[in-house]
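Student: Sequence below, structure please.
(2 chains)
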Amino acid sequence: MSAESDEEFRQFMRGRWPAMVRLAYGLTGDAGHAEDVAQAAFARAYASWSRVRRADDPEAYLRRIVINENRRRFRKQRVAEALPGTLPERGAALPGPEERSALIDALRALAPRQRAVVVLRYWLDMSEAETAAALNCSVGTVKSQASRALATLRGKVVEGELR
Amino acid sequence: MTELRESLDQALREMIPGDPPVDQAISRGKAMRARRRAAAAASVTAVALLVAFGYPALKHMQAGPVPRPPVQHKQPTVTDVPPGPGARAGVIAGGLMRGESWQVVTGKPGTNGTPKGQACFGAFGPAFGAGGQSNTQCTPPSSPDAAYPVLFIGFTTGGASVNVGQVDASVQYVFVDLADGTQLKLIPVTVYGTRYVAFPTPLTVPVDSASAYLDNGQYLTAIPYTTPEGIAVFGRWLPPGQWSPAPATGLVASGMADGTKWAVYVHTGPWGTCIDDSATLACLPLAPPLGTQLIGTASSHQGVIYGSAAADVSYIRVTLTGGGTLRVSVTAVGGQQFFAFYLGKGQTMRTWTAYDAAGKQVASGTVPASPAS
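Tutor: Residues are numbered from 1 along each chain as shown, chains lettered A, B, ... in the order given. Modelled structure (predicted):
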């Protein structure tokens, strides 16, 4: 890639980094994982930079990469969760209380797909069809997952914070 | 829903990202592009080699426990280095797997929930999925020696297989060859009084062999059995040039036990003899000629007993404590013979007798304490 393209990517990443980390934070519910997911997504974007920069909406393209990166990591995580065992030591620090809010805690308690539906539908304002396409599932699944997720959130978040 | 959006926006904005790691992203992106190009080139090369040399060339590569000479790869799938100065306590090894970092650690014996008398191992790092993802495996201490210089325990986590080995004092280093041509040099380190090596591999890249180089200048090589889950199980360590049997798999016997199905499979090969009762895989350093012997009981069904039989054995008669008898057939797998049978509740085994095809007794044994009890 030329120095000019590299500089273009640098500008692009600096401008979109906070939004993509927050999107990843919403999808993962974990601050540490969020930066990992976002960095991996930007690396993929760099690897396909000519395609990303030519896209009609490069930011939407990048969001899609973040969502896919999170799905890819969730698949890996499920393999590990299916196995028995306890940790003798912890490799990464858990997010501190200052990073939490009642809503984030409630989001974190949702199943990963429900969390993704909430973030894409209600934070990014994506349509049901766009959300379904992004998560590689049917519109019916988006509807049912959204309904269950909202019911769970209403039950968990203090009344008044989420009306 | 506007209020939900605002609440989400507020909650997510509580998270203040650090500075964008632009250089790291570019570096990883360049590595991704290089891997794509290498994969494209490799697929073309593989097709060309198959056309040029055909299947016998591949078959030839499976024969004999001879380690490859050390090779250098520009993009190794896995790198493995011992912990450097200042590494945190318990680290056995670390490195990169497909560009993501990993570490294998062991807990201090007797602390952090480690079962008494056991050692526990954990795998950490982005190489195993989202950061900090891990699975832990505990095992009682084992005793490697010059004949079995590395005793490995394997487990899977985050799309990878992890092997941790207890290493005999005579071992200077261990070479591990992966199926994609990557070669790892493992340097033993002493952690909490025990010598260890450790390495991960992606589940898609199995281990071809491991060679332990001893301080007397000799080496022993082990070719593992790879389980369907992707775990390499090392059974036999052989000096160069020693014959080892070709891989073979077969169903020894199956049936119903208390309403559930049981089955015993055997996988024989350079690794020895692995017996799979569908719940546990036991790999023993048994190689031909196998005698007639009881080997063990199935962990999935306590009444299922299995063993090996000499080449001249046609069937085995088992005498039960109540006076009844049971005739058990033998099954050939990879040129060796095995048997398995089920004893129902309340039945215990007293003696066994092996017969040849002519009905002549060729071996016998007693069972002081029934494996089924």
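
Student: Can I get stretch B:185-193 as CSV, trimmed to CA atoms?
Tutor: This file holds the C-alpha atoms of stretch B:185-193, laid out as CSV (Å, rounded to 0.1, in the frame of the first residue of the first chain):
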residue,chain,number,x,y,z
LYS,B,185,11.8,-25.7,19.6
LEU,B,186,10.6,-26.1,23.2
ILE,B,187,13.0,-25.2,25.9
PRO,B,188,12.1,-26.9,29.3
VAL,B,189,11.7,-24.5,32.2
THR,B,190,11.4,-25.3,35.9
VAL,B,191,8.2,-23.9,37.4
TYR,B,192,7.3,-24.7,41.1
GLY,B,193,9.9,-27.4,41.1
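
Student: List the buried residues for it?
Tutor: Neighbour-count burial for stretch B:185-193, with 16 or more other Cβ atoms under 10 Å in any protein chain shown as criterion, is recorded at B:186, B:188-189, B:191. In short, each C-beta sits where N, CA and C put it, glycine included.

Student: I'd like to know which of those are part of strands.
Tutor: B:186, B:189, B:191 (DSSP state E).

Student: rewinding a little: could you pick out which of the buried residues of stretch B:185-193 are near chain A?
Tutor: The subset of the buried residues of stretch B:185-193 within reach of chain A, by Cβ under 8 Å from any Cβ of the partner chain, is empty.

Student: Following element in sequence after the helix or strand of chain B with the lowest mean pLDDT, please.
Tutor: Here the helix or strand of chain B ranked lowest by mean pLDDT, DSSP states H and E is helix B:22-61, holding a mean of 53. Toward the C-terminus, helix B:22-61 is succeeded by strand B:91-97 as the next helix or strand (DSSP states H and E).

Student: ok, now how distant is the closest residue in space to residue B:150 that isn't next to it in sequence from residue B:146?
Tutor: Spatial nearest neighbour of residue B:150, excluding adjacent residues (Cβ to Cβ, 6 or more residues apart in numbering or on different chains): residue B:165 at 4.1 Å. Distance from residue B:165 to residue B:146, counting by Cβ to Cβ, to the nearest Å: 15 Å.

Student: So for these two, which residue has more residues nearby?
Tutor: Using other Cβ atoms under 10 Å in any protein chain shown as the criterion, residue B:165 and residue B:146 rank with residue B:165 on top: 27 against 15.

Student: where along chain A do the helices fall?
Tutor: Secondary structure of chain A by DSSP state H: the helices cover A:3-28, A:31-47, A:49-54, A:58-81, A:102-109, A:112-118, A:128-135, A:139-156.

Student: Tell me which of those sits most buried.
Tutor: helix A:31-47 (a mean of 24; mean count of other Cβ atoms under 10 Å in any protein chain shown).

Student: How far off centre is that helix?
Tutor: Between the centre of helix A:31-47 and the centre of its chain there are 10 Å (Cα atoms, centre = their mean, to the nearest Å).

Student: Is chain B within reach of that helix?
Tutor: Yes. Helix A:31-47 comes into contact with chain B (Cβ under 8 Å from any Cβ), by way of A:31-40, A:42-47.

Student: And the residues you listed, which is the shakiest by pLDDT?
Tutor: Of all the residues of helix A:31-47 next to chain B, residue A:32 carries the smallest pLDDT score, 69.

Student: right, is stretch B:289-299 up against chain A?
Tutor: No. Stretch B:289-299 stays out of contact with chain A when judged by Cβ under 8 Å from any Cβ, the minimum separation being 14.6 Å.

Student: buried residues in that stretch?
Tutor: B:290, B:292, B:294-298.

Student: And for stretch B:154-169?
Tutor: B:154-168.

Student: what about the chain, any weak spots by pLDDT?
Tutor: Using chain A here. Within chain A, the stretches with pLDDT under 70 are A:1, A:32, A:73-101, A:156-163.

Student: sorry, should have said chain B
Tutor: B:1, B:35-74, B:112-113, B:130-135, B:278-279, B:298-302, B:368-373.

Student: which residues in it form helices?
Tutor: Taking DSSP H, the helices of chain B run over residues B:2-13, B:22-61.

Student: From the chain's centroid, how far away is the shortest one?
Tutor: Put plainly, it is helix B:2-13. The answer for helix B:2-13 is 48 Å, by Cα atoms, centre = their mean.

Student: In terms of secondary structure, what does it contact?
Tutor: With contacts defined as 3 or more Cβ pairs under 8 Å, 6 or more residues apart in numbering or on different chains; DSSP states H and E, helix B:2-13 has these neighbours: helix A:3-28, helix A:102-109.

Student: Got the phi and psi for residue A:57?
Tutor: phi -130, psi 90 (degrees, to the nearest 10).

Student: Would you mind measuring from it to chain B?
Tutor: For residue A:57, the distance to chain B (Cβ to the nearest Cβ, to the nearest Å) stands at 20 Å.

Student: which one is residue B:5 nearest to, not counting chain neighbours?
Tutor: Sequence neighbours aside, residue A:122 is the residue nearest to residue B:5 in space, at 5.5 Å (criterion: Cβ to Cβ, 6+ apart).

Student: right, and residue A:39 touches residue B:26 too?
Tutor: No. Contact status for residue A:39 versus residue B:26: not in contact, 10.6 Å apart, counting by Cβ atoms under 8 Å.
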